[in-house]
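*Asks:* Next one to model:
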Amino acid sequence: MTVPELLLPLGTCVLLLVTNVYMARRIRAIDEIPLRKNLLLVMVWILPFMGAFMAWTHLPRQPRAPSAVAGPRPDGFSTEEALGELVLDEAHSFPLITHICICNGLPLLDWRALHTWAGSMNDAHRQRFAIEQGQRTWLLHLRDALGPHFHLYESEGTCVLSSLEDSVVVATAAYVASTRKRIRHVLAGVAHFEEHHKSILLVIDDEETYYGCVSNYYPEGGEFALSGGMFIDAGCAHFLVKRADLSAIEPVIAHEMTHNALAHLKLPRWLDEGLAVNTERRLTGALPSLVTPQELRRMHLKFWGETEIQEFWCGQSFFRTDDGNLLSYELARILVEQMGRDWELFARFASNAKRADGGAEAARDIFGTDLGAYACALLEREPDPRWSPNPAAWVTHEPEASPT
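*Replies:* Got it, this is the predicted structure:
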(Lines give C-alpha, C1' and ligand atoms only; values in the text may rest on other atoms or scores of the structure.)
Protein backbone atom coordinates (compact mmCIF):
# COMPACT_ATOMS: atom_id res chain seq x y z
CA MET A 1 0.00 0.00 0.00
CA THR A 2 1.39 3.41 -0.96
CA VAL A 3 1.85 6.34 1.42
CA PRO A 4 -1.11 8.33 -0.01
CA GLU A 5 -3.30 5.26 0.39
CA LEU A 6 -2.27 5.06 4.05
CA LEU A 7 -2.74 8.77 4.70
CA LEU A 8 -6.34 8.85 3.48
CA PRO A 9 -7.83 6.49 6.10
CA LEU A 10 -5.53 7.97 8.74
CA GLY A 11 -6.70 11.49 7.94
CA THR A 12 -10.33 10.35 8.01
CA CYS A 13 -9.82 8.80 11.47
CA VAL A 14 -8.17 11.96 12.79
CA LEU A 15 -10.99 14.14 11.43
CA LEU A 16 -13.60 11.80 12.93
CA LEU A 17 -11.84 11.83 16.31
CA VAL A 18 -11.52 15.64 16.39
CA THR A 19 -15.15 16.09 15.36
CA ASN A 20 -16.46 13.64 17.94
CA VAL A 21 -14.33 15.05 20.77
CA TYR A 22 -15.53 18.57 19.97
CA MET A 23 -19.19 17.54 19.88
CA ALA A 24 -18.84 15.47 23.07
CA ARG A 25 -17.48 18.53 24.88
CA ARG A 26 -20.36 20.65 23.56
CA ILE A 27 -22.91 18.09 24.72
CA ARG A 28 -21.41 17.79 28.22
CA ALA A 29 -21.48 21.58 28.57
CA ILE A 30 -25.23 21.93 28.02
CA ASP A 31 -27.82 21.71 30.78
CA GLU A 32 -30.07 18.83 29.80
CA ILE A 33 -31.80 15.77 31.19
CA PRO A 34 -28.98 13.21 31.77
CA LEU A 35 -30.74 10.57 29.64
CA ARG A 36 -30.93 12.96 26.69
CA LYS A 37 -27.26 13.94 27.02
CA ASN A 38 -26.23 10.28 27.12
CA LEU A 39 -28.29 9.51 24.02
CA LEU A 40 -26.62 12.36 22.13
CA LEU A 41 -23.17 11.15 23.22
CA VAL A 42 -23.92 7.59 22.08
CA MET A 43 -25.17 8.91 18.75
CA VAL A 44 -21.93 10.89 18.23
CA TRP A 45 -19.66 7.89 18.76
CA ILE A 46 -21.75 5.20 17.04
CA LEU A 47 -22.57 6.97 13.75
CA PRO A 48 -19.46 8.39 12.04
CA PHE A 49 -19.95 12.07 11.12
CA MET A 50 -23.73 11.65 10.74
CA GLY A 51 -24.09 11.18 14.50
CA ALA A 52 -22.12 14.38 15.18
CA PHE A 53 -24.25 16.28 12.67
CA MET A 54 -27.51 15.01 14.17
CA ALA A 55 -26.34 15.89 17.69
CA TRP A 56 -25.33 19.37 16.53
CA THR A 57 -28.87 20.03 15.25
CA HIS A 58 -30.23 19.24 18.75
CA LEU A 59 -27.87 21.56 20.64
CA PRO A 60 -28.99 25.04 21.75
CA ARG A 61 -27.17 27.83 20.02
CA GLN A 62 -24.31 29.27 22.02
CA PRO A 63 -24.81 32.89 23.03
CA ARG A 64 -22.83 35.28 20.91
CA ALA A 65 -20.99 38.29 22.19
CA PRO A 66 -23.22 41.34 21.86
CA SER A 67 -22.51 43.38 18.79
CA ALA A 68 -21.90 47.07 18.93
CA VAL A 69 -25.09 49.11 19.15
CA ALA A 70 -25.73 51.05 15.99
CA GLY A 71 -27.35 54.37 16.85
CA PRO A 72 -29.26 55.28 20.01
CA ARG A 73 -30.85 52.57 22.09
CA PRO A 74 -34.62 52.32 22.45
CA ASP A 75 -36.20 54.02 25.45
CA GLY A 76 -36.12 52.00 28.64
CA PHE A 77 -32.41 51.09 28.82
CA SER A 78 -30.85 52.52 31.97
CA THR A 79 -27.51 54.32 31.65
CA GLU A 80 -27.26 55.67 35.18
CA GLU A 81 -24.68 54.64 37.76
CA ALA A 82 -25.38 52.34 40.71
CA LEU A 83 -25.37 54.68 43.71
CA GLY A 84 -24.26 53.68 47.20
CA GLU A 85 -26.98 55.66 48.96
CA LEU A 86 -30.70 55.79 48.30
CA VAL A 87 -32.00 59.34 48.88
CA LEU A 88 -35.72 60.13 48.76
CA ASP A 89 -35.50 63.59 50.32
CA GLU A 90 -33.51 65.43 52.96
CA ALA A 91 -35.17 63.49 55.77
CA HIS A 92 -35.10 60.00 54.26
CA SER A 93 -31.94 58.28 53.02
CA PHE A 94 -30.74 54.70 53.16
CA PRO A 95 -27.01 53.73 53.10
CA LEU A 96 -27.62 50.91 50.68
CA ILE A 97 -23.96 50.10 50.12
CA THR A 98 -23.45 49.23 53.81
CA HIS A 99 -26.27 46.68 53.55
CA ILE A 100 -24.85 44.87 50.52
CA CYS A 101 -22.63 41.81 50.82
CA ILE A 102 -20.85 40.01 47.99
CA CYS A 103 -21.68 36.31 47.70
CA ASN A 104 -20.26 34.22 44.86
CA GLY A 105 -19.15 37.46 43.25
CA LEU A 106 -22.68 38.92 43.19
CA PRO A 107 -24.24 41.64 45.40
CA LEU A 108 -26.93 40.58 47.87
CA LEU A 109 -28.99 43.23 49.60
CA ASP A 110 -30.26 42.97 53.17
CA TRP A 111 -33.92 43.24 52.21
CA ARG A 112 -35.07 43.20 55.82
CA ALA A 113 -33.09 46.38 56.49
CA LEU A 114 -34.58 48.05 53.41
CA HIS A 115 -38.13 47.10 54.39
CA THR A 116 -37.57 48.29 57.96
CA TRP A 117 -36.34 51.68 56.68
CA ALA A 118 -39.26 51.97 54.25
CA GLY A 119 -41.69 50.94 56.99
CA SER A 120 -40.60 53.91 59.13
CA MET A 121 -42.43 56.21 56.71
CA ASN A 122 -46.07 56.94 57.44
CA ASP A 123 -47.25 57.14 53.85
CA ALA A 124 -47.97 53.81 52.08
CA HIS A 125 -47.19 55.29 48.67
CA ARG A 126 -43.77 56.49 49.85
CA GLN A 127 -43.08 53.10 51.44
CA ARG A 128 -43.78 51.34 48.13
CA PHE A 129 -41.71 53.87 46.21
CA ALA A 130 -38.77 53.45 48.61
CA ILE A 131 -38.78 49.66 48.19
CA GLU A 132 -39.06 49.93 44.41
CA GLN A 133 -36.08 52.30 44.29
CA GLY A 134 -34.10 49.94 46.54
CA GLN A 135 -34.84 47.03 44.21
CA ARG A 136 -33.88 49.07 41.16
CA THR A 137 -30.60 50.22 42.72
CA TRP A 138 -29.75 46.61 43.63
CA LEU A 139 -30.36 45.62 39.99
CA LEU A 140 -27.93 48.33 38.87
CA HIS A 141 -25.28 46.97 41.24
CA LEU A 142 -25.98 43.47 39.94
CA ARG A 143 -25.67 44.76 36.36
CA ASP A 144 -22.21 46.16 37.10
CA ALA A 145 -21.12 42.93 38.81
CA LEU A 146 -22.19 40.76 35.86
CA GLY A 147 -20.12 42.76 33.39
CA PRO A 148 -20.16 45.67 30.94
CA HIS A 149 -22.20 43.74 28.37
CA PHE A 150 -25.18 43.53 30.76
CA HIS A 151 -27.89 46.16 30.74
CA LEU A 152 -31.11 46.92 32.63
CA TYR A 153 -34.24 47.45 30.57
CA GLU A 154 -37.49 48.72 32.10
CA SER A 155 -40.97 48.78 30.62
CA GLU A 156 -44.26 49.62 32.30
CA GLY A 157 -44.57 46.36 34.22
CA THR A 158 -41.24 44.61 33.68
CA CYS A 159 -37.51 44.85 34.46
CA VAL A 160 -35.12 42.69 32.41
CA LEU A 161 -31.45 42.44 33.37
CA SER A 162 -29.51 40.64 30.63
CA SER A 163 -26.88 40.78 27.89
CA LEU A 164 -29.45 40.08 25.19
CA GLU A 165 -29.54 42.15 22.01
CA ASP A 166 -31.75 45.22 22.32
CA SER A 167 -34.51 43.93 20.06
CA VAL A 168 -34.59 40.60 21.93
CA VAL A 169 -34.78 42.37 25.30
CA VAL A 170 -37.78 44.42 24.14
CA ALA A 171 -39.48 41.27 22.82
CA THR A 172 -38.76 39.41 26.06
CA ALA A 173 -40.22 42.22 28.17
CA ALA A 174 -43.32 42.24 25.97
CA TYR A 175 -43.66 38.47 26.40
CA VAL A 176 -43.40 38.81 30.18
CA ALA A 177 -46.12 41.49 30.17
CA SER A 178 -48.47 39.41 28.01
CA THR A 179 -47.77 36.31 30.12
CA ARG A 180 -48.87 38.17 33.26
CA LYS A 181 -52.25 38.82 31.63
CA ARG A 182 -52.62 35.25 30.39
CA ILE A 183 -51.76 33.75 33.79
CA ARG A 184 -54.40 35.94 35.45
CA HIS A 185 -56.94 34.57 32.98
CA VAL A 186 -55.89 30.90 33.16
CA LEU A 187 -55.67 30.90 36.97
CA ALA A 188 -58.68 33.11 37.61
CA GLY A 189 -59.44 33.39 41.31
CA VAL A 190 -56.01 32.09 42.30
CA ALA A 191 -53.29 34.13 40.56
CA HIS A 192 -52.38 37.56 41.85
CA PHE A 193 -49.77 40.12 40.80
CA GLU A 194 -49.24 43.24 42.88
CA GLU A 195 -50.74 46.13 40.94
CA HIS A 196 -47.62 48.33 41.11
CA HIS A 197 -45.01 45.57 41.31
CA LYS A 198 -42.85 44.99 38.25
CA SER A 199 -41.93 41.49 37.19
CA ILE A 200 -38.14 41.22 37.49
CA LEU A 201 -36.35 38.84 35.11
CA LEU A 202 -32.63 38.05 35.26
CA VAL A 203 -31.20 36.31 32.18
CA ILE A 204 -27.85 34.71 33.09
CA ASP A 205 -25.32 33.86 30.37
CA ASP A 206 -23.45 30.87 31.80
CA GLU A 207 -24.09 27.95 34.15
CA GLU A 208 -21.38 28.88 36.66
CA THR A 209 -22.87 32.32 37.29
CA TYR A 210 -26.42 30.95 37.24
CA TYR A 211 -25.76 28.32 39.91
CA GLY A 212 -23.61 30.78 41.86
CA CYS A 213 -26.64 33.05 42.04
CA VAL A 214 -29.02 30.19 42.86
CA SER A 215 -26.81 28.82 45.65
CA ASN A 216 -27.17 32.11 47.54
CA TYR A 217 -30.75 31.09 48.32
CA TYR A 218 -30.11 27.48 49.34
CA PRO A 219 -28.99 26.17 52.74
CA GLU A 220 -25.21 26.08 52.96
CA GLY A 221 -23.84 22.83 51.57
CA GLY A 222 -27.24 21.75 50.24
CA GLU A 223 -27.62 19.99 46.91
CA PHE A 224 -30.01 21.17 44.25
CA ALA A 225 -31.29 19.68 41.03
CA LEU A 226 -30.32 21.01 37.61
CA SER A 227 -32.75 23.59 36.33
CA GLY A 228 -33.33 26.07 33.53
CA GLY A 229 -34.90 28.73 35.72
CA MET A 230 -36.00 29.59 39.25
CA PHE A 231 -38.37 31.88 41.08
CA ILE A 232 -36.69 33.59 44.04
CA ASP A 233 -38.99 34.84 46.80
CA ALA A 234 -36.54 36.32 49.29
CA GLY A 235 -37.14 39.98 50.03
CA CYS A 236 -37.31 40.93 46.35
CA ALA A 237 -39.43 38.55 44.29
CA HIS A 238 -37.73 37.87 40.96
CA PHE A 239 -37.08 35.02 38.60
CA LEU A 240 -33.98 34.06 36.68
CA VAL A 241 -33.37 31.93 33.60
CA LYS A 242 -30.39 30.78 31.59
CA ARG A 243 -29.76 32.57 28.34
CA ALA A 244 -31.12 30.83 25.25
CA ASP A 245 -33.18 31.67 22.19
CA LEU A 246 -36.37 33.46 23.20
CA SER A 247 -38.52 30.46 22.18
CA ALA A 248 -36.46 28.24 24.49
CA ILE A 249 -36.86 30.43 27.56
CA GLU A 250 -40.57 31.20 27.04
CA PRO A 251 -41.71 28.02 28.87
CA VAL A 252 -39.33 28.81 31.75
CA ILE A 253 -40.68 32.36 32.00
CA ALA A 254 -44.29 31.09 31.99
CA HIS A 255 -43.46 28.51 34.69
CA GLU A 256 -41.60 30.92 36.97
CA MET A 257 -44.15 33.71 36.57
CA THR A 258 -46.83 31.27 37.69
CA HIS A 259 -44.86 30.76 40.91
CA ASN A 260 -44.72 34.55 41.23
CA ALA A 261 -48.49 34.81 40.79
CA LEU A 262 -49.12 32.12 43.43
CA ALA A 263 -46.53 33.29 45.99
CA HIS A 264 -49.15 35.12 48.07
CA LEU A 265 -50.91 31.81 48.86
CA LYS A 266 -47.86 30.05 50.40
CA LEU A 267 -49.00 26.80 48.79
CA PRO A 268 -47.65 23.32 49.50
CA ARG A 269 -44.74 22.71 47.11
CA TRP A 270 -46.52 19.93 45.18
CA LEU A 271 -49.55 22.12 44.52
CA ASP A 272 -47.42 25.13 43.56
CA GLU A 273 -45.32 23.08 41.12
CA GLY A 274 -48.31 21.21 39.71
CA LEU A 275 -50.04 24.49 38.89
CA ALA A 276 -46.85 25.92 37.39
CA VAL A 277 -46.24 22.90 35.14
CA ASN A 278 -49.84 22.76 33.92
CA THR A 279 -49.96 26.53 33.30
CA GLU A 280 -46.66 26.37 31.41
CA ARG A 281 -48.00 23.57 29.20
CA ARG A 282 -51.25 25.45 28.57
CA LEU A 283 -49.48 28.69 27.59
CA THR A 284 -46.53 27.29 25.61
CA GLY A 285 -47.44 23.69 24.79
CA ALA A 286 -45.99 20.45 26.13
CA LEU A 287 -42.30 19.88 25.49
CA PRO A 288 -41.31 16.59 23.83
CA SER A 289 -40.32 13.93 26.34
CA LEU A 290 -37.51 11.39 26.07
CA VAL A 291 -39.50 9.06 28.33
CA THR A 292 -42.57 7.31 26.93
CA PRO A 293 -45.80 7.20 28.97
CA GLN A 294 -45.27 3.46 29.48
CA GLU A 295 -41.73 3.99 30.80
CA LEU A 296 -42.93 6.81 33.02
CA ARG A 297 -45.65 4.60 34.49
CA ARG A 298 -43.09 1.88 35.31
CA MET A 299 -40.81 4.47 36.92
CA HIS A 300 -43.65 5.81 39.08
CA LEU A 301 -44.73 2.36 40.26
CA LYS A 302 -41.15 1.44 41.14
CA PHE A 303 -40.17 4.69 42.86
CA TRP A 304 -43.00 5.76 45.15
CA GLY A 305 -43.24 4.30 48.63
CA GLU A 306 -44.19 5.45 52.11
CA THR A 307 -40.99 7.45 52.63
CA GLU A 308 -40.93 8.99 49.16
CA ILE A 309 -44.58 10.10 49.25
CA GLN A 310 -43.97 11.94 52.52
CA GLU A 311 -41.04 13.72 50.82
CA PHE A 312 -43.49 14.66 48.08
CA TRP A 313 -46.14 16.08 50.44
CA CYS A 314 -43.59 18.18 52.34
CA GLY A 315 -41.82 19.34 49.15
CA GLN A 316 -38.38 17.81 49.63
CA SER A 317 -38.64 15.38 46.71
CA PHE A 318 -38.61 18.30 44.25
CA PHE A 319 -35.00 18.98 45.21
CA ARG A 320 -33.77 15.43 44.68
CA THR A 321 -30.95 14.94 42.19
CA ASP A 322 -32.18 11.54 40.91
CA ASP A 323 -35.29 10.37 39.05
CA GLY A 324 -37.33 11.46 42.05
CA ASN A 325 -37.07 15.03 40.78
CA LEU A 326 -38.70 14.26 37.42
CA LEU A 327 -41.29 11.97 39.00
CA SER A 328 -42.24 14.59 41.60
CA TYR A 329 -43.04 17.15 38.92
CA GLU A 330 -44.98 14.56 36.94
CA LEU A 331 -47.02 13.40 39.94
CA ALA A 332 -47.77 17.01 40.88
CA ARG A 333 -48.84 17.75 37.31
CA ILE A 334 -51.18 14.76 37.20
CA LEU A 335 -52.70 15.50 40.61
CA VAL A 336 -53.44 19.12 39.70
CA GLU A 337 -54.70 18.17 36.25
CA GLN A 338 -57.17 15.68 37.74
CA MET A 339 -58.26 17.81 40.69
CA GLY A 340 -58.56 20.95 38.54
CA ARG A 341 -61.26 19.60 36.24
CA ASP A 342 -63.83 21.37 38.40
CA TRP A 343 -62.02 24.70 38.44
CA GLU A 344 -64.37 26.53 40.80
CA LEU A 345 -63.96 23.79 43.41
CA PHE A 346 -60.23 23.56 42.81
CA ALA A 347 -59.76 27.34 43.17
CA ARG A 348 -61.40 27.09 46.61
CA PHE A 349 -59.04 24.24 47.49
CA ALA A 350 -55.93 26.14 46.33
CA SER A 351 -57.01 29.26 48.23
CA ASN A 352 -57.30 27.26 51.47
CA ALA A 353 -54.50 24.68 51.15
CA LYS A 354 -51.84 25.06 53.85
CA ARG A 355 -48.18 24.25 53.38
CA ALA A 356 -47.95 23.00 56.99
CA ASP A 357 -50.11 19.92 56.30
CA GLY A 358 -49.51 19.54 52.55
CA GLY A 359 -53.09 20.63 51.81
CA ALA A 360 -54.60 17.62 53.62
CA GLU A 361 -57.25 19.50 55.61
CA ALA A 362 -58.39 21.59 52.62
CA ALA A 363 -58.70 18.42 50.49
CA ARG A 364 -60.91 16.77 53.12
CA ASP A 365 -63.08 19.87 53.59
CA ILE A 366 -63.54 20.83 49.94
CA PHE A 367 -63.14 17.61 47.94
CA GLY A 368 -64.16 15.22 50.72
CA THR A 369 -61.11 13.08 49.95
CA ASP A 370 -57.86 11.99 51.56
CA LEU A 371 -54.77 13.05 49.59
CA GLY A 372 -53.00 9.80 50.42
CA ALA A 373 -55.87 7.72 49.06
CA TYR A 374 -56.03 9.95 45.99
CA ALA A 375 -52.32 9.41 45.28
CA CYS A 376 -52.69 5.67 45.86
CA ALA A 377 -55.47 5.49 43.28
CA LEU A 378 -53.37 7.35 40.69
CA LEU A 379 -50.41 5.07 41.35
CA GLU A 380 -52.50 1.89 41.16
CA ARG A 381 -52.18 0.99 44.85
CA GLU A 382 -54.67 0.01 47.51
CA PRO A 383 -55.46 2.87 49.92
CA ASP A 384 -52.80 3.09 52.63
CA PRO A 385 -53.11 5.45 55.62
CA ARG A 386 -49.30 5.73 55.71
CA TRP A 387 -49.50 7.60 52.38
CA SER A 388 -51.55 10.46 53.83
CA PRO A 389 -49.60 13.66 54.58
CA ASN A 390 -47.95 13.23 57.99
CA PRO A 391 -46.30 16.51 59.07
CA ALA A 392 -44.92 14.85 62.21
CA ALA A 393 -42.59 12.78 60.02
CA TRP A 394 -41.32 15.71 57.94
CA VAL A 395 -37.88 17.23 58.27
CA THR A 396 -37.76 20.18 55.90
CA HIS A 397 -35.13 22.77 55.07
CA GLU A 398 -36.93 24.74 52.40
CA PRO A 399 -34.75 26.96 50.22
CA GLU A 400 -36.05 30.32 49.04
CA ALA A 401 -36.09 29.23 45.41
CA SER A 402 -38.42 27.16 43.27
CA PRO A 403 -36.48 25.20 40.62
CA THR A 404 -37.73 24.39 37.15
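*Asks:* and stretch 278-294, how far from the chain's centre?
*Replies:* With C-alpha atoms, centre = their mean, to the nearest Å as the basis, stretch 278-294 stands 16 Å off its chain's centre.
*Asks:* Same question for stretch 259-269.
*Replies:* Relative to the centre of its chain, stretch 259-269 is centred 14 Å away, using C-alpha atoms, centre = their mean.
*Asks:* How about stretch 387-394?
*Replies:* For stretch 387-394, the gap between its own C-alpha mean and the chain's C-alpha mean amounts to 27 Å (C-alpha atoms, centre = their mean).
*Asks:* what is the mean pLDDT for that stretch?
*Replies:* The pLDDT scores in stretch 387-394 average 95.
*Asks:* Endpoints of that stretch, how far apart?
*Replies:* Using C-alpha to C-alpha, to the nearest Å, the gap from the first to the last residue of stretch 387-394 comes to 13 Å.
*Asks:* Domains in the chain, by residue range?
*Replies:* 16-56, 86-261, 282-403 (automatic domain parsing).
*Asks:* okay, these in a markdown table with distance to Leu271 next?
*Replies:* For every residue, glycine as well, the C-beta is placed using N, CA and C. A markdown table is the format used below for the domains of the chain (distance: least, C-beta to C-beta, whole Å):
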| stretch | distance to Leu271 |
| --- | --- |
| domain 16-56 | 24 |
| domain 86-261 | 10 |
| domain 282-403 | 6 |
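*Asks:* Ok, which of the ones you listed comes nearest Trp270?
*Replies:* Proximity to Trp270 (C-beta to C-beta) singles out domain 282-403 among the domains of the chain, at 4.5 Å.
*Asks:* so what pLDDT did the closest residue to Ser155 other than its chain neighbours get?
*Replies:* Closest residue in space to Ser155, ignoring its immediate chain neighbours: Ala173 at 4.6 Å, by C-beta to C-beta, 6 or more residues apart in numbering. Listed pLDDT for Ala173 reads 94.
*Asks:* Wait, Ala173 touches Val160, no?
*Replies:* Yes - the criterion here is C-beta atoms under 8 Å, and Ala173 meets it with Val160 at 5.1 Å.
*Asks:* which residues do those two both contact?
*Replies:* Residues touching both Ala173 and Val160 (C-beta atoms under 8 Å, 6 or more residues apart in numbering): 153, 201.
*Asks:* circling back to that earlier point, ok, of the domains of the chain, where does mean pLDDT dip lowest?
*Replies:* Out of the domains of the chain, domain 16-56 stands lowest, with a mean of 59 (criterion: mean pLDDT).
*Asks:* neighbours around the nearest residue in space to Ala363 that is not next to it in sequence, how many?
*Replies:* Spatial nearest neighbour of Ala363, excluding adjacent residues (C-beta to C-beta, 6+ apart): Leu371 at 5.0 Å. Leu371 has 27 neighbouring residues, counting by other C-beta atoms under 10 Å.
*Asks:* Leu371 contacts Pro385, doesn't it?
*Replies:* No - counting by C-beta under 8 Å, Pro385 is not a contact partner of Leu371; they are 11.5 Å apart.
*Asks:* how about Ile102, phi and psi?
*Replies:* Torsion angles at Ile102 (phi, psi; degrees, to the nearest 10) stand at phi -100, psi 120.
*Asks:* show me the contacts for it.
*Replies:* 108, 145.
*Asks:* still on that earlier bit, Ala173 and Val160: who's more crowded?
*Replies:* A count of neighbours by other C-beta under 10 Å puts Val160 above the other of Ala173 and Val160, at 26 against 23.
*Asks:* what's across from the more buried one in the sheet?
*Replies:* Bridge pairing for Val160 (DSSP bridges) gives the partners Tyr153, Leu201.
*Asks:* isn't it right next to Ala177, touching?
*Replies:* No - look at Val160 against Ala177 with C-beta under 8 Å: they stay out of range, at 10.6 Å.
*Asks:* which residues in the chain form strands?
*Replies:* Here the chain has its strands, by DSSP state E, at 86-89, 92-94, 100-103, 106-109, 151-154, 158-162, 199-204, 229-232, 238-242, 401-403.
*Asks:* would CSV of those strands with distance to Trp117 be doable?
*Replies:* Below are the strands of the chain laid out as CSV (distance: least, C-beta to C-beta, whole Å):
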stretch, distance to Trp117
strand 86-89, 9
strand 92-94, 5
strand 100-103, 14
strand 106-109, 12
strand 151-154, 23
strand 158-162, 21
strand 199-204, 20
strand 229-232, 21
strand 238-242, 20
strand 401-403, 25
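*Asks:* among these, which is nearest Trp304?
*Replies:* Comparing those under C-beta to C-beta, the one sitting nearest is strand 401-403, at 20.2 Å.
*Asks:* mind listing what Phe349 touches?
*Replies:* Counting by C-beta under 8 Å, 6+ apart, Phe349 makes contact with 339, 359, 362-363, 366-367.
*Asks:* and if we set it to 6 Å?
*Replies:* Shown in contact with Phe349 (C-beta atoms under 6 Å, 6 or more residues apart in numbering): 362, 366.
*Asks:* Next one: it from Asp342, what distance?
*Replies:* Relative to Asp342, Phe349 is positioned 10 Å away (C-beta to C-beta, to the nearest Å).
*Asks:* just Asp166 next, same as before
*Replies:* Separation of Asp166 from Asp342 (C-beta to C-beta): 46 Å.
*Asks:* Neighbour count: those two, which is higher?
*Replies:* Counted by other C-beta under 10 Å, Asp166 and Asp342 do not tie: Asp166 has more neighbours, with 17 against 11.
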